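Undergrad: based on what follows, work out the 3D shape:
(3 chains)
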Amino acid sequence: MTEATPVAQKKPPTTMAAKKRQEAIAGYLFMAPALVIFLVFLIVPIAAAAYLSLTNWNGITPVFDEEAFSFVGLDNYSDLLRGYHTNEAGEVVKATTRQKDFFIALKNTTYYVLGVVPTQTILALILAVILNQRWLKAKGFFRTAFYFPSITSSVVISIIFMWMFTRGGLVNTTVQAILPNYESNNFVSWLDDPRGIIHILLEQFGVTRMTVGDWASNRVFGNTLWEWISGPSITMSTIMILNTWTTIGTMMVIFLASLQNIPGSVYEAAAIDGANAWQILRRITVPLLRPTTFFVVTLGLIGCFQVFDQVYVISSGGPAKTTYTIAYMVYLNGFDRSAMGLAAATAILLFAIIFTFTLLQRFIVKERANV
Amino acid sequence: MATAQPLPAPVDAERRSPLAVALTALSWTVLILFAALEIFPFVFTVANSFKCLPAVQTYPRSIIPVPPFGVECTYQDGERAGASRSPSETSGAATFNPTLEGYREILDANLPRWLVNTGFFAVAVTILRLAFDSLAGYALARLKFPGNRLLFFTILGTMMVPPIVLLIPRFIILKQFSMLNTYQGLIVPLAVDAFGIFLMKQFFESIPGEIEEAALVDGANRFVLFWRVVLPMATPALTALAIFSFQGTWNDFLMPLLILSGNKDLWTLPLGLSFLRGAYGETLRWHAFLAGSVITTLPLALIFFYFQRYFVEGISYSGLKG
Amino acid sequence: MRKVHLLTMLVVLALVISGASAALARQQVTITLMGWSSSTAENDALMTQVDAFMAANSGIKVNVNLVPEYDPTIQAAFASGDPPNVFYVDSSRLPDWAEAGVLASGEGKIENLDEHYESLLEAFTYNGTLYCPPKDFSIMALQYNKDMFDAAGLDYPTPDWTWEDLRAAAEALTGTDAEGRTVLGLVTPPNFERWLPFLYQAGGSVLNEDWTEVTLDSDEAREALEFYVGMARDGIAGPPSKVDAGWGGEAFGQRRVAMAMEGNWVIKYLLDQFPDLNWGVTELPRHPSGGQATMVFTVCYGVAADNDYPEESWKLANFLTGPEGSTMVAEEGFGVIPPAKSAAEVWLQAISEEYGAGFLAGAPYAHKWQFPVGFGEVFDTFNAGLQLAFDGQALPEDVIVDTAAVAEEVLAR
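TA: Residues are numbered from 1 along each chain as shown, chains lettered A, B, ... in the order given. Predicted coordinates:
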């Protein structure tokens, strides 16, 4: 060691400035491999996508060709957000479907995120708290069991799920075995039912499109207010169940680890003070887990907003566009509708949305922490 | 069990109230229920992977294997030789005669080669990530240099762009470097990942800095310090990172497809398996597909079961300081 | 049997590899053929074809590259300026790729023109240019469950059935099976292309001849859609999910519908997975006025515009689609029909008259599945509307009007 590091050994840097410089150089050197790879394989492609979002590239013509694309400014964004753009001649070019589809996708994705993120977080927490009990046997077995779906590739999982959720499939017949009133001719078509669950709920109270009043027919971003409040469709809900089911294990493991980091003395002190199990959970466990919760929720938000695989394999956006998600629209525009410029614009908008939500979430968690 | 009965209770059950007993029972119920829900589909996967194709379609729910084992799925001789046997001959509502047809089919389809490729690919990516992610995570956590915060948020931000839109730009870059249809092309872009850097940064921030400072005063250089002192302390976090990386790359599909499709010798498991699905899903060879899924999942399950102890310790350091 | 086949393939492959290294000195040309992967047997058959081609043309080596998820893969290859020399082109993607300039024109290059069905060549003609020789095709026809027809005492469908006959039969065949589950007369997938035959039979159209105007909003379209949706509303037909299936062929195989309107891809599927099913096939029914129509889904071998070896590429494409090449595939009797008329006859023998004839009969009057670039938005709008219409949440009339409006918008872009 003495020979290996003659420079460092000579003497420690004397001035603060020299020390700082040395640390900075070390920092950049440590970061170098990561930076180079990120730059080449992530930052450059992202910059390219941002640039292409300002063009009308079809995604097919070789990108380095002279006439591969032309610069269209913010037209793609305008199509998505306003439903039209103005061409060079000053004429308005309509794109109502593009706008409508984008906001349908935004609506579906938002319902998806609002449904999945809290559910998976809470369920994972409950499982972790139970698994953390000292009396529990066979922890390794349960951990592996809960983690199992995370191990399998999402394509395989989706296909198995489709098979279970077909109308005459395992899920419906199992429910029937438990509830004999659930007749096979009234089975829910899990994979092919466009009705929104909020609409279904409202219908139970006699509220339908016809009775709700004229306000519901007002259009906001190309869709009627009635459509906006549909809630996720039955099929989207099925995909939500699937995703919760597969990610719950990962989230649980993260919580579990964090729980094990809480010193036992904290609980003992509380128990001596006469706190019951619920109070301990509410006043000690949950607050101490706040940093982990933030981490889990952040990962959940990023993952859920980008939901694609399951939609691609299970529903291809159907039925009746109720499983269009933004990431699926990126695929559809880029690889099915020969509009890669539009796909890139959609992706950039998704980035902006996730970024906003993450900041918002961070803000909320901080606020709560200060109370 | 009633409280009035003064049982010779075990030491740690001294203060068991009826409520506690009920809670324990409830906990067990929840655990077992969820474990069943999570494992359930795999029971059916395994059962159906041992059936003949028509039986998968007609009797997907039978899960009890009964003799004769190793039945043939086609008529061997007679008038209908070569045709598929009717499902009721090999399966019933609850039981079925296992066959290795699906496994045979997938072994014929070059599965061993895919397995080796996938293993190599996953191990290579994992090793590189362990090195590069921890270096970067350490720098972001400990070393002060201009742009530190900005770099961190940029790295986080890259997770928020849907990867599907980056497919073609990445492909073009790889082509410029002549890395298509090579292992390098698949491995190098994945050698670092934002999640891993995030994880390692959180870990390094959570361990006390005194040891390093002492070593620094002794005159060790930064890299030697990192290698000899810091990394050994990071074993749990590295284990977690290793499992996440291994699992992610093991199942990766889209990038291998684009990068390796031109060279059959390099195909990975998910890539090879997807071929069994055929072009329109209509030609799906269910039994072989499920057999492939079993073979894909099994190694990961074993690895996880083996490492899960370390895993749990490692991940705990990723807790964010809100 | 497959094992032996695979073994010979491996031997051939080994020979090819060793042969290739020896031939390097002799200045061999290597071209790439890209397509999507089908069943193992079909992939093997293509390899046999290609081997025969290489044996006949010693100066050309062909790299065959069959992939799943074809669209993103080949699109990346196009975009990076490094396309394969020869590749599959689905007739529905032809406009996109022709517009993008990645397809070489086939005018004067394609041989055996008179060997091919007119409707197929038309499917690969865009803006007056013929681009590529057809590889294979599938035609929609009517499949019926013989046992169910027998049980109901009905005569089997014939090619001169009209919509009324179809409806009446569907009504008579709707009921419940031994386990009390609903059995529908007919499966009607909620897809534009499955409804199009009815539109064409009624004499309607989506666009005018030269694709400059939307003609969808018509009485014929209303009639066709009301018929299609009407059967579902009356409970005698419905989408596959209604009878617990993922697609029409599955519903038919599981005996949950008495009739289906799938293409010839369904033959192999039914024989493999539902060997007990007793079924027959005939042409799609006609409009009461006699209008006859069906859809053809077809694929061709395109040649890249940016190509170092155009000569060799065309040679390969012509070989694979010519009488000799296509007969090799025809003999195997796969689900898809080989392109050359003479080969189609061979195919019919291989797959059996009983199952094949009903499909093949539609070839002369089939319509191509092809629309202008960006029409995905139109299909999705229609499919979404159709789905709601099946549930009674939308009127067929409105679906037509909405779809036509979107088509106008896309066309104006």
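
Undergrad: from A:Thr119, how far off is B:Ala35?
TA: According to Cβ to Cβ, to the nearest Å, B:Ala35 stands 18 Å off from A:Thr119. Where you see a C-beta, it was placed from the backbone N, CA and C, and this is true even at glycine.

Undergrad: looking at the two, which one has more neighbours?
TA: Neighbour count, other Cβ atoms under 10 Å in any protein chain shown: between B:Ala35 and A:Thr119, B:Ala35 has more, with 19 against 16.

Undergrad: list the contacts for the more buried one?
TA: Taking Cβ atoms under 8 Å, 6 or more residues apart in numbering or on different chains as the criterion, B:Ala35 is in contact with A:141-142, A:145-146.

Undergrad: what about 6 Å?
TA: Contacts for B:Ala35 were tallied using Cβ atoms under 6 Å, 6 or more residues apart in numbering or on different chains; they are A:142, A:145.

Undergrad: wait, a helix at it?
TA: Yes - assessed with DSSP: H, G, I helix; E, B strand; the rest coil, B:Ala35 lies in a helix.

Undergrad: retrieve the pLDDT associated with it.
TA: B:Ala35 carries a pLDDT value of 87.

Undergrad: up against chain B, what does chain C have?
TA: Selection of chain C residues close to chain B by Cβ under 6 Å from any Cβ of the partner chain yields C:36-39, C:65, C:67-69, C:73, C:76, C:79-80, C:265, C:269, C:272-273, C:275-276.

Undergrad: got a quick ChimeraX command for the buried subset of the residues you listed?
TA: The ChimeraX command for the buried members of those (criterion: 16 or more other Cβ atoms under 10 Å in any protein chain shown) is given here:
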select /C:36,37,38,39,65,67,68,69,73,76,79,80,265,269,272,273,275
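
Undergrad: domains of the chain?
TA: If you meant another chain, say so; for now it's chain A. Here the domain parsing of chain A from automatic domain parsing is A:6-49, A:97-196+A:231-335+A:342-370.

Undergrad: oops, wrong one, chain B.
TA: If you go by automatic domain parsing, chain B breaks into B:18-99, B:109-318.

Undergrad: how far off centre is the longest one?
TA: Taking the mean of its C-alpha atoms, domain B:109-318 sits 11 Å from the chain's own mean (Cα atoms, centre = their mean, to the nearest Å).

Undergrad: swap in the shortest one?
TA: The offset between the C-alpha centroid of domain B:18-99 and the centroid of the whole chain comes to 24 Å, using Cα atoms, centre = their mean.

Undergrad: measure it end to end?
TA: Distance across domain B:18-99, first residue to last, is 51 Å (Cα to Cα, to the nearest Å).

Undergrad: swap in stretch C:279-296?
TA: 22 Å.

Undergrad: separation between A:Ala24 and B:Arg222?
TA: Between A:Ala24 and B:Arg222 the distance is 11 Å, computed by Cβ to Cβ.

Undergrad: so the two - more neighbours on which side?
TA: Per other Cβ under 10 Å, whichever of A:Ala24 and B:Arg222 has more neighbours is B:Arg222, with 23 against 16.

Undergrad: which parts of the host helix or strand of B:Trp114 are buried?
TA: Assigned by DSSP states H and E, B:Trp114 belongs to helix B:111-142. Neighbour counts over helix B:111-142 (16+ other Cβ under 10 Å) mark B:111, B:113-115, B:117-118, B:121-126, B:128-142 as buried.

Undergrad: show me what from chain A comes close to chain C.
TA: For chain A, the residues in contact with chain C (Cβ under 6 Å from any Cβ) are A:58-63, A:94, A:97, A:166-168, A:184-185, A:189, A:192, A:194, A:319-321, A:335-338.

Undergrad: just those: which are in helices?
TA: A:Thr97 (DSSP state H).

Undergrad: in PyMOL, how would I select the buried members of the residues of chain A next to chain C?
TA: Filtering the residues of chain A next to chain C down to the buried ones (16+ other Cβ under 10 Å) takes a single PyMOL command:
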select buried, chain A and resi 58+59+60+61+62+63+94+97+166+167+168+184+189+192+194+319+320+321+335+336+337+338
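
Undergrad: in strands only, show me the residues of chain A next to chain C.
TA: Among these, the members found in strands (DSSP state E) are A:Lys94.

Undergrad: please name the nearest non-neighbouring residue to the residue nearest the centre of chain A.
TA: For chain A, the residue nearest the mean C-alpha position is A:Cys304 (1.3 Å; Cα atoms, centre = their mean). Nearest-residue entry for A:Cys304: A:Val113, 4.5 Å, with adjacent residues in sequence omitted and distances by Cβ to Cβ, 6 or more residues apart in numbering or on different chains.

Undergrad: shaky segments in the stretch 251-371 of chain A?
TA: For the stretch 251-371 of chain A, residues meeting the criterion pLDDT under 70 lie at A:261, A:367-371.

Undergrad: show me where it has strands.
TA: Per DSSP state E, counting those that start in this stretch, the stretch 251-371 of chain A carries no strands over any range.

Undergrad: number of residues surrounding the residue nearest to A:Cys304?
TA: 21.

Undergrad: can you check C:Gly128 too?
TA: 7.

Undergrad: look up phi and psi at C:Asp276.
TA: Backbone torsions for C:Asp276, taken as degrees, to the nearest 10, come to phi -80, psi -10.

Undergrad: is it in contact with B:Ser86, as I believe?
TA: Yes - using Cβ atoms under 6 Å, C:Asp276 is in contact with B:Ser86, at 4.7 Å.

Undergrad: now the strands for chain C?
TA: Secondary structure of chain C (DSSP E): strands at C:29-36, C:60-67, C:86-90, C:125-126, C:129-130, C:134-139, C:142-145, C:175-176, C:182-187, C:237-238, C:257-260, C:279-282, C:294-303, C:366-368.

Undergrad: for the second one, which strands pair with it and how are they oriented?
TA: This means strand C:60-67. Sheet pairing of strand C:60-67 (DSSP bridges) gives strand C:29-36 (parallel).

Undergrad: in the strand it pairs with, what counts as buried?
TA: Within strand C:29-36, judged by 16+ other Cβ under 10 Å, the buried ones are C:31-36.

Undergrad: with stretch C:40-49 instead?
TA: Using 16+ other Cβ under 10 Å as the test for burial, stretch C:40-49 gives C:40, C:42-49.

Undergrad: which ones among those map onto helices?
TA: Reading helices off those with DSSP H, I get C:40, C:42-49.

Undergrad: residues from the stretch 251-400 of chain C in reach of chain A?
TA: Residues of the stretch 251-400 of chain C lying near chain A by Cβ under 6 Å from any Cβ: C:373-374, C:376-377, C:384, C:387-388.

Undergrad: can you give me the helices for the stretch 101-250 of chain B?
TA: Secondary structure of the stretch 101-250 of chain B (DSSP state H, counting those that start in this stretch): helices located at B:101-108, B:111-142, B:148-158, B:167-176, B:183-187, B:194-206, B:210-217, B:222-225, B:231-233, B:235-251.

Undergrad: OK, now which residue of the stretch 151-300 of chain C is nearest to chain B?
TA: Nearest residue of the stretch 151-300 of chain C to chain B (Cβ to the nearest Cβ) works out as C:Pro275 at 4.3 Å.

Undergrad: skipping its backbone neighbours, what lies nearest that residue in space?
TA: That would be B:Ser84: by Cβ to Cβ, 6+ apart, it lies 4.3 Å from C:Pro275.

Undergrad: got the residues of the stretch 151-300 of chain B near chain A?
TA: Going by Cβ under 6 Å from any Cβ, the residues of the stretch 151-300 of chain B near chain A are B:158-162, B:164-166, B:169-170, B:189, B:191-192, B:219, B:221-222, B:247, B:251, B:270, B:293, B:297, B:300.

Undergrad: which of those residues are buried?
TA: The buried subset of these (16+ other Cβ under 10 Å) comprises B:158-162, B:164-166, B:169-170, B:189, B:191-192, B:219, B:221-222, B:247, B:251, B:270, B:293, B:297, B:300.

Undergrad: tell me which of the domains of chain B is the most buried.
TA: domain B:109-318 (a mean of 20; mean count of other Cβ atoms under 10 Å in any protein chain shown).
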